[in-house]
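K.L.:
Any chance you could fold what I've pasted below:
(one chain, ligands or ions: 3)
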Amino acid sequence: MCGIVGIVGQSSVNQTIYDALTVLQHRGQDAAGIVTVDKSAFRLRKANGLVKDVFEVKHMQRLQGKAGIGHVRYPTAGSSSASEAQPFYVNSPFGISLAHNGNLTNTVELAESLVKKRRHVNTTSDSEVLLNLLADELQETRSLTLSADEVFDAVAKVHAQTRGAYAVAAMIIGQGLVAFRDPFGIRPLVLGKHETPTGTEYMVASESVALDAVGFEVMRDVAPGEAIYISLDGQLFTRQCAVDPSYAPCIFEFVYFARPDSAMDKISVYGSRVNMGAKLGAKIQKEWEDHDIDVVIPIPETSCDIALEIARCMELPYRQGFVKNRYIGRTFIMPGQQERKKSVRRKLNAINTEFKGKNVLLVDDSIVRGTTSEQIIEMAREAGAKKVYFASAAPEIRFPNVYGIDMPTTNELIAHGRDADEIAKIIGADGIIFQDLTDLVDAVGMENPEIKRFETSVFDGQYITNDVDQAYLDHLTQLRNDDAKANSKDIGTNLEMHNVCHP
Ligand SMILES: O=P(O)(O)OC[C@H]1O[C@H](OP(=O)(O)OP(=O)(O)O)[C@H](O)[C@@H]1O
Ligand SMILES: NC(=O)CC[C@H](N)C(=O)O
Ligand SMILES: [Mg+2]
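P.N.:
Ligands and ions are numbered 1, 2, ... in the order given. Presented below is the predicted three-dimensional model:
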């Protein structure tokens, strides 16, 4: 899902960006990077790995400057090679560095158009394409000092050509920080500030929790299609740059990706998860009137808030039957199925006494590939459970995601072409129940009734950008099935190309 941060500060920003990235680590565990503006030069450090491993003291010392951007990566396009870690850099015009959360759906066409404009894209990343597109539009301005309007005009032209999902923070050397969000606001972006004796500092980030953690006050969400420009002397400008913007934020952010202590588009992630629990609890009671469930047990970590509410609604005990190893990251966003599979048992362990002789209802936020549920049910039985029921706070996921979640192929989705009974059989559950899509939309939407629509394509196959057809999905399957990804891992480890990235 990737996390992005951008700051124009009054003093060194390296530590603040680092701290913000650690708080956004749940959005991407594969690679991390920071770029700062040190007078007239960019300082860059990026590599594969977690934030704590990528940045050593020597890197932090080199990341000087009062403005910068940062990124944590969960690859959803291109390869997982270190050369596709972000931020990306182009030297003209000015020198621009860009961090992107999301996924473009017309990368191939855009890349072809850039070739015709004699622009070189050195990796297979859609984010590098986006950077070159922005650079190309800024190139048109010809002025040595950019006005906010010139920056916004360039963003408007980027919107006009780009399809898909994108929340972006880009630093233009000698000028300022530009941040923008796609016209549907599929990916989140929030703006905040911090008053200091020498002036106001501004920050953009994927989630409000990043601002909270570094002492910035949340001002508001960046609107769909809107761009924010903060000049390096600290002036804030904003403009709507899309022709027909309308809200359709990705509902999966609320189901799984975002941290519960974040608010996105004025929707409390925690609140929406509690609502999901209430809706699902009511459905279970209605559909399984004579159930024999003894206890509700969450599958840590994301589902805990949901399971607690289900238990409350059903007047059943809630018990933490699984203990999570805090040193293992999120399994769903790991790059390969082998790794994901191995990690479940390393990550979660059952407390036998909580299962012995009981009929348990296991709760998860979602079932995607079924990697977690299948192994967890096995563990529950090994721990002595009599019957194991399963509840998912999201409906059946039957369609690929093309907007920044790595679910590119239908075949890997356990619910694709299967009904609930068939899914229960595969994962070994005695019964399974899924949230209805209308209930999920209500659960999230009731936190902010102003948002009338969400991006729900993984559940209903309706792609909001209207440009996704079967041919595109087939192309994606070819590009990003597990075998293709495994083969492309080592391609292009060309970090040394980046002249500002020292070892
Ligand atoms: O059906 P699957 O393909 O297994 O995917 C779904 C599971 O993956 C996620 O957990 P994850 O371990 O990534 O993170 P969490 O600790 O935040 O729950 C999600 O919360 C589900 O448990
Ligand atoms: N999850 C994301 O937002 C990924 C951003 C970009 N598509 C990449 O793969 O690097
Ligand atoms: Mg989970």
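K.L.:
which ones are touching the residue nearest to Ser206 when sequence neighbours are not counted?
P.N.:
Leaving aside its chain neighbours, Ser206 sits nearest to Gly3 (4.5 Å; criterion: Cβ to Cβ, 6 or more residues apart in numbering). Yep, even glycine has a C-beta here, placed from its N, CA and C like the rest. Gly3 makes contact with Leu21, Leu24, Gln25, Arg27, Gly28, His71, Val72, Asn101, Ala205, Ser206, Glu207, Ala210 under the criterion Cβ atoms under 8 Å, 6 or more residues apart in numbering.
K.L.:
Dig out what Val363 forms beta bridges with.
P.N.:
Following DSSP bridges, Val363 is listed with bridge partners Pro298, Ala391.
K.L.:
could you list every residue that touches it?
P.N.:
When contacts are counted by Cβ under 8 Å, 6+ apart, Val363 touches 277, 280, 296-299, 303, 306-307, 310, 390-393.
K.L.:
Now pLDDT and distance to ligand 2 too, for those residues, in TSV please.
P.N.:
Below are the contacts of Val363 laid out as TSV (pLDDT from 0 to 100; distance: Cβ to the nearest ligand atom, whole Å):
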residue	pLDDT	distance to ligand 2
Gly277	98	27
Leu280	98	27
Val296	98	32
Ile297	98	30
Pro298	98	26
Ile299	97	23
Ser303	97	22
Ile306	98	23
Ala307	98	27
Ile310	98	30
Phe390	98	28
Ala391	98	28
Ser392	98	23
Ala393	98	22
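K.L.:
Same list (those residues) but as JSON lines, adding neighbour count.
P.N.:
As requested, those are arranged in JSON lines below (neighbours: other Cβ atoms under 10 Å):
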{"residue": "Gly277", "neighbour count": "29"}
{"residue": "Leu280", "neighbour count": "28"}
{"residue": "Val296", "neighbour count": "28"}
{"residue": "Ile297", "neighbour count": "28"}
{"residue": "Pro298", "neighbour count": "25"}
{"residue": "Ile299", "neighbour count": "24"}
{"residue": "Ser303", "neighbour count": "26"}
{"residue": "Ile306", "neighbour count": "32"}
{"residue": "Ala307", "neighbour count": "28"}
{"residue": "Ile310", "neighbour count": "28"}
{"residue": "Phe390", "neighbour count": "26"}
{"residue": "Ala391", "neighbour count": "27"}
{"residue": "Ser392", "neighbour count": "27"}
{"residue": "Ala393", "neighbour count": "31"}
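K.L.:
next one: phi and psi at the residue nearest to Ser206?
P.N.:
Dihedral pair for Gly3: phi -120, psi 140, per degrees, to the nearest 10.
K.L.:
Could you list everything it pairs with in the sheet?
P.N.:
Judged by DSSP bridges, the bridge partners of Gly3 are Val72.
K.L.:
Next to ligand 1 in this structure, residues from the chain, please.
P.N.:
Residues of the chain lying close to ligand 1 (Cβ under 6 Å from any ligand atom) are 256, 299-302, 330-333, 364-373.
K.L.:
tally of neighbours for the closest residue in space to Lys324 that isn't next to it in sequence?
P.N.:
Using Cβ to Cβ, 6+ apart and skipping the chain neighbours, the partner closest in space to Lys324 is Pro300 (4.2 Å). When counting by other Cβ atoms under 10 Å, one arrives at 18 neighbours for Pro300.
K.L.:
what residues are up against Pro300?
P.N.:
By Cβ under 8 Å, 6+ apart, the contact list for Pro300 reads Gln320, Phe322, Val323, Lys324, Leu348.
K.L.:
buried residues in stretch 416-434?
P.N.:
Of the residues in stretch 416-434, those buried under the neighbour-count criterion (16 or more other Cβ atoms under 10 Å) are Arg418, Ala420, Ile423, Ala424, Ile427, Gly428, Ala429, Asp430, Gly431, Ile432, Ile433, Phe434.
K.L.:
I'd like the distance between the residue of the stretch 401-503 of the chain found nearest ligand 1 and Leu104.
P.N.:
Closest residue of the stretch 401-503 of the chain to ligand 1, Cβ to the nearest ligand atom: Ile414 (6.7 Å). Here the distance between Ile414 and Leu104 works out to 27 Å (Cβ to Cβ, to the nearest Å).
K.L.:
So for these two, which residue has more residues nearby?
P.N.:
Applying other Cβ under 10 Å to Ile414 and Leu104 shows that Leu104 carries more neighbours, namely 28 against 20.
K.L.:
any idea how far Glu374 is from the residue nearest to Lys324?
P.N.:
Distance from Pro300 to Glu374, by Cβ to Cβ: 17 Å.
K.L.:
what's the distance between stretch 80-87 and the middle of its chain?
P.N.:
The gap between the average C-alpha position of stretch 80-87 and the chain average comes to 16 Å, counting by Cα atoms, centre = their mean, to the nearest Å.
K.L.:
What's the end-to-end length of that stretch?
P.N.:
This stretch, stretch 80-87, spans 14 Å end to end (Cα to Cα, to the nearest Å).
K.L.:
pLDDT averaged over it - what is it?
P.N.:
On average, the pLDDT along stretch 80-87 is 92.
K.L.:
Then stretch 435-451?
P.N.:
Taken as a whole, stretch 435-451 has a mean pLDDT of 98.
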